[in-house]
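**Student:** quick one: sequence and predicted model below, then my questions.
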Amino acid sequence: MIIRQNSTLVDAETLKPVMKDIKALKKQIEQEEDEERRATLELQLEKIKGNSVLLIDLRKKIYVFLEPPHPLLWTIIKPIMSHDSFVMEHPYVESNTREGIHVRFIITLGFPTFIFCTAKDESRWEQWDEIVSRSMVMSPNMSQRKYREANILNAQLLGIPSAIQESLIRSKREIELAKKCVIYLRSQLRSHRLCRGVL
């Protein structure tokens, strides 16, 4: 899930990372012999932990959905797709043995690119109107030739040895070229956002 990946622990007000401070305080507490000083350091540690939240930087990210997002995920990405705010706070429920079930928050930063691919008619999907209002929707052209070529390609992928596929269907050079195209597309999206003062 997007909201649990690659997060950084930061101060809730300044959004500055706090893990180095936490590790430094823990080390000081271990080495401190004076009880009063140790208690003060422990209070500082608890204060930093209490004021910290997880932050996920969504800038320069591209997410591709091959199926409709789970309703809970859709609830999270909907305000991000709407560009409601550059910095957003998302509540989630966490359970552990020390604190039991409690609500925590994750902050997301920036606006990623979402690509939603489907071969089905999603117009009856409950959230479809909201998707359309936040997206550019493009429908592929349908033709007998296209379906015939797709069937031939699938047959080749399943029936031809990989050594022949390399020269006939998809070469490593073409795969590398496709990766470079994606990197170029990302850089163009980023420069476009920079021009608009978003990043």
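**Tutor:** Structure's in. What do you need? Numbering: from 1, shown residues only.
**Student:** where does pLDDT dip in this structure?
**Tutor:** Residue ranges of the chain with pLDDT under 70: 1-5, 94-100, 102, 192-199.
**Student:** quick check: longest helix of this protein.
**Tutor:** helix 172-195 (DSSP state H).
**Student:** how far away from the center of its chain is that helix?
**Tutor:** Mean-position distance between helix 172-195 and its chain equals 18 Å (C-alpha atoms, centre = their mean, to the nearest Å).
**Student:** residue numbering should commence at 431 henceforth.
**Tutor:** I'll keep to 431 as the first residue from here, and by that count the last item is helix 602-625.
**Student:** please parse this structure into its domains.
**Tutor:** Using automatic domain parsing, the domains assigned to the chain come out as 432-569, 573-629.
**Student:** point out the most buried one among those domains.
**Tutor:** Highest mean neighbour count of these: domain 432-569, a mean of 13 (counted as mean count of other C-beta atoms under 10 Å). Backbone N, C-alpha and C define where each C-beta goes, glycine included.
**Student:** quick one on the thing from earlier: which residues touch the longest helix of the chain?
**Tutor:** Contacting residues not belonging to helix 602-625 are listed as 490, 492, 541, 543, 596, 629 [C-beta atoms under 8 Å, 6 or more residues apart in numbering].
**Student:** now those as JSON lines including secondary structure?
**Tutor:** Shown next, in JSON lines, are the contacts of helix 602-625 (DSSP: H, G, I helix; E, B strand; the rest coil):
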{"residue": "490", "secondary structure": "coil"}
{"residue": "492", "secondary structure": "strand"}
{"residue": "541", "secondary structure": "coil"}
{"residue": "543", "secondary structure": "strand"}
{"residue": "596", "secondary structure": "helix"}
{"residue": "629", "secondary structure": "coil"}
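**Student:** for stretch 592-606, output the C-alpha coordinates as CSV.
**Tutor:** Presented in CSV, the C-alpha positions along stretch 592-606 are these (Å, rounded to 0.1, in the frame of the first residue of the first chain):
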residue,chain,number,x,y,z
SER,A,592,13.1,-17.2,-25.3
ALA,A,593,16.2,-17.1,-27.6
ILE,A,594,14.0,-16.5,-30.6
GLN,A,595,11.7,-14.1,-28.8
GLU,A,596,14.8,-11.9,-28.2
SER,A,597,15.1,-11.2,-31.9
LEU,A,598,11.5,-11.6,-33.0
ILE,A,599,9.3,-10.0,-30.2
ARG,A,600,11.2,-8.0,-27.6
SER,A,601,14.9,-7.4,-27.4
LYS,A,602,16.9,-6.2,-24.4
ARG,A,603,17.7,-3.1,-26.4
GLU,A,604,14.1,-2.3,-26.9
ILE,A,605,13.4,-2.9,-23.2
GLU,A,606,16.2,-0.5,-22.3
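**Student:** which stretches of this protein form strands?
**Tutor:** Taking DSSP state E, the strands of the chain run over residues 438-441, 482-487, 492-495, 517-526, 530-539, 543-546.
**Student:** residue 505 is nearest to which of the ones you listed?
**Tutor:** Proximity to residue 505 (C-beta to C-beta) singles out strand 517-526 among the strands of the chain, at 9.0 Å.
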